[in-house]
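Asks: Sharing a model that was predicted from the sequence below.
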Amino acid sequence: MLGYKNVERVKPSGLELVDRLVGVQRVTKVTKGGRAFGFSAIVVVGDGKNVVGHGLGKSKDVSSAIAKAVEDAKKNLVRIPLLNGTLPHEQKGKFGGAKVFLKPASNGTGVIAGGAVRAVLESVGVHDVLSKSQGSSNPHNVVKATFDALLQLRSAETIARQRGISLEKVFNG
């Protein structure tokens, strides 16, 4: 998440964060004594008001893997610019073999997204959006591709500030 311009990191103190479990995987390590089982969990946390983060946790049992994932997600919180419950503009995101396309939708459309993308968008507080996930359906890569798209979003105020022009000029040319 550090390679993006204008990413506003957020501290978890004072926020009412809700965590969503995206996926749990059982992993196996084969040793000379037999198989050792463990669990890997990916979690998305958000306050439903522009702040979201994701985390990965690994442990020998499911509950501690989820707890570790939640703690990791709280360390990676970022603020996403939203506009009236949807996105300010279309955006594509990519991570590994996963590609995600996000498109703003009119009021009342709802969150048209599947699985991992839906968890991220609902956690950030998006109410109306159209999305398409292509390529890999691996939940880890889909979550990171969704974050890639969200972190590239810019509000009209940010664009005006970067260009050194007034907000009216952004829209009127």
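Replies: That came through, no problem.

Asks: I'd like the C-alpha coordinates of the helix or strand of the chain with the lowest mean pLDDT written as CSV, please.
Replies: For the chain, scoring each helix and strand by mean pLDDT, DSSP states H and E identifies helix 167-172 as the least confident one, at a mean of 74. The C-alpha trace of helix 167-172 is given here as CSV (Å, rounded to 0.1, in the frame of the first residue of the first chain):
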residue,chain,number,x,y,z
LEU,A,167,-12.8,23.0,-8.2
GLU,A,168,-15.1,24.6,-10.8
LYS,A,169,-12.3,24.4,-13.4
VAL,A,170,-12.0,20.6,-12.9
PHE,A,171,-15.6,20.1,-14.1
ASN,A,172,-15.9,23.0,-16.6
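
Asks: Look up the closest residue to A113, ignoring the ones flanking it.
Replies: Excluding its sequence neighbours, the residue lying closest to A113 (C-beta to C-beta, 6 or more residues apart in numbering) is S131, at 4.1 Å. For glycine as for every other residue, the C-beta is placed from the backbone atoms N, C-alpha and C.

Asks: Run a quick neighbour tally on that neighbour.
Replies: 21 (other C-beta atoms under 10 Å).

Asks: Give me the phi and psi for T109.
Replies: phi -70, psi -40 (degrees, to the nearest 10).

Asks: how much space is there between the residue nearest to it when sequence neighbours are not counted and R154?
Replies: Closest residue to T109 in three dimensions, ignoring its sequence neighbours and counting by C-beta to C-beta, 6+ apart: D128, at 4.4 Å. According to C-beta to C-beta, to the nearest Å, D128 and R154 sit 19 Å apart.

Asks: Which residue of these two possesses the greater neighbour count?
Replies: Neighbour count, other C-beta under 10 Å: between D128 and R154, D128 has more, with 18 against 15.

Asks: Please report phi then psi for that one.
Replies: phi -130, psi 110.

Asks: in this protein, what spans have low per-residue confidence?
Replies: 1-6, 173 (pLDDT under 70).

Asks: how about the helices in it?
Replies: With helices called from DSSP state H, the chain shows them at 62-74, 115-124, 139-151, 156-163, 167-172.

Asks: Great, nothing more from me.
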